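Asks: here's a sequence, model it:
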Amino acid sequence: MITNNACESFDHLLRQGIKSCLTDQDSDSCDIHIQHDLTGSHEPHLAVLTISSYLFRLMVLIHFSADDATRQHLAKLSKTSLQDMNQQVFMDAICERTNMFCGSLSRDLSRDFPHIGMSTPNIIDRQCAAHLHLLNPGHKRHFKVNVNATAQFHVTLCVNSYDKLDFVVDKTAAEVGGGELEMF
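Replies: Next up is the predicted model:
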């Protein structure tokens, strides 16, 4: 069972991760809206990441397409030119951003759950999202993300719990940067 507090906390951390890893916080506007389903989502690819602890498994699916607006946005985030953003560079850029997103979520969740493991991103076809119900998630939420009113993503959050899951994140805490690797 996942409490309302936990659902709100997961949603909050997901929004923070989107803003810190899928946008340039200094120059991008980012609108995130909850959607009841994926109606209106036509992105052909999903970047999938998984974070697990002893109490839950969390999956995030970032729905994306290689349209001009998304390519231009990722070129800016990657500090590369749009002309250099071929298919491989584009996929590397989306995987890097997804990896940062996974690292950010993992770091934020580790404050409440000390034993966290995370996956590397995988790219799958959008048709796989039709089978999410088979995971029987205790919490599932869809978000529509518009960056600068041009680039668009859909993000799906699925959480399965293995026991009662209840926690509250500090929503007033200052945001830390993305999920970059820390060197010691």
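
Asks: hey, let's count contacts and neighbours off CA atoms from now on
Replies: Will do.

Asks: dump the longest strand seen in the chain to PDB, restricted to CA.
Replies: Counting by DSSP state E, the longest strand found in the chain is strand 151-161. Extracted C-alpha coordinates of strand 151-161, given in PDB (Å, rounded to 0.1, in the frame of the first residue of the first chain):
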ATOM      1  CA  ALA A 151       9.800  20.700 -27.000                       C
ATOM      2  CA  GLN A 152       7.300  18.200 -25.600                       C
ATOM      3  CA  PHE A 153       7.800  15.100 -23.500                       C
ATOM      4  CA  HIS A 154       5.400  12.800 -21.700                       C
ATOM      5  CA  VAL A 155       6.600  11.200 -18.500                       C
ATOM      6  CA  THR A 156       5.000   8.200 -16.800                       C
ATOM      7  CA  LEU A 157       5.700   7.200 -13.200                       C
ATOM      8  CA  CYS A 158       4.900   3.700 -11.900                       C
ATOM      9  CA  VAL A 159       5.500   2.700  -8.300                       C
ATOM     10  CA  ASN A 160       5.100  -0.800  -6.900                       C
ATOM     11  CA  SER A 161       5.400  -1.300  -3.200                       C
END
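
Asks: so where is the chain shaky, pLDDT-wise?
Replies: For the chain, the stretches with pLDDT under 70 are 173-184.

Asks: quick revisit: what residues sit buried inside the longest strand of the chain?
Replies: Residues of strand 151-161 classed as buried by neighbour count (16 or more other C-alpha atoms under 10 Å): Ala151, Gln152, Phe153, His154, Val155, Thr156, Leu157, Cys158, Val159, Asn160, Ser161.

Asks: identify the residues contacting stretch 51-69?
Replies: Contact with stretch 51-69 is made by 41, 43-50, 70, 90, 98, 102, 106, 113, 115-119, 126, 150-165, as judged by C-alpha atoms under 8 Å, 6 or more residues apart in numbering.

Asks: right, and the helix or strand after the longest helix anywhere in the chain?
Replies: Determined from DSSP state H, the single longest helix within the chain is helix 87-109. Later in the chain than helix 87-109, the nearest helix or strand by DSSP states H and E is strand 117-118.

Asks: got the contact list for that following strand?
Replies: Residues outside strand 117-118 that contact it (C-alpha under 8 Å, 6+ apart): Leu49, Thr50, Ile51, Ser52, Ser53, Cys102, Gly103, Ser106.

Asks: tally of neighbours for the nearest residue to the second one once chain neighbours are set aside?
Replies: Read it as Thr50. Among residues not flanking Thr50 along the chain, Met59 sits closest, at 4.5 Å (C-alpha to C-alpha, 6 or more residues apart in numbering). Look at Met59: counted by other C-alpha atoms under 10 Å, it has 22 neighbours.
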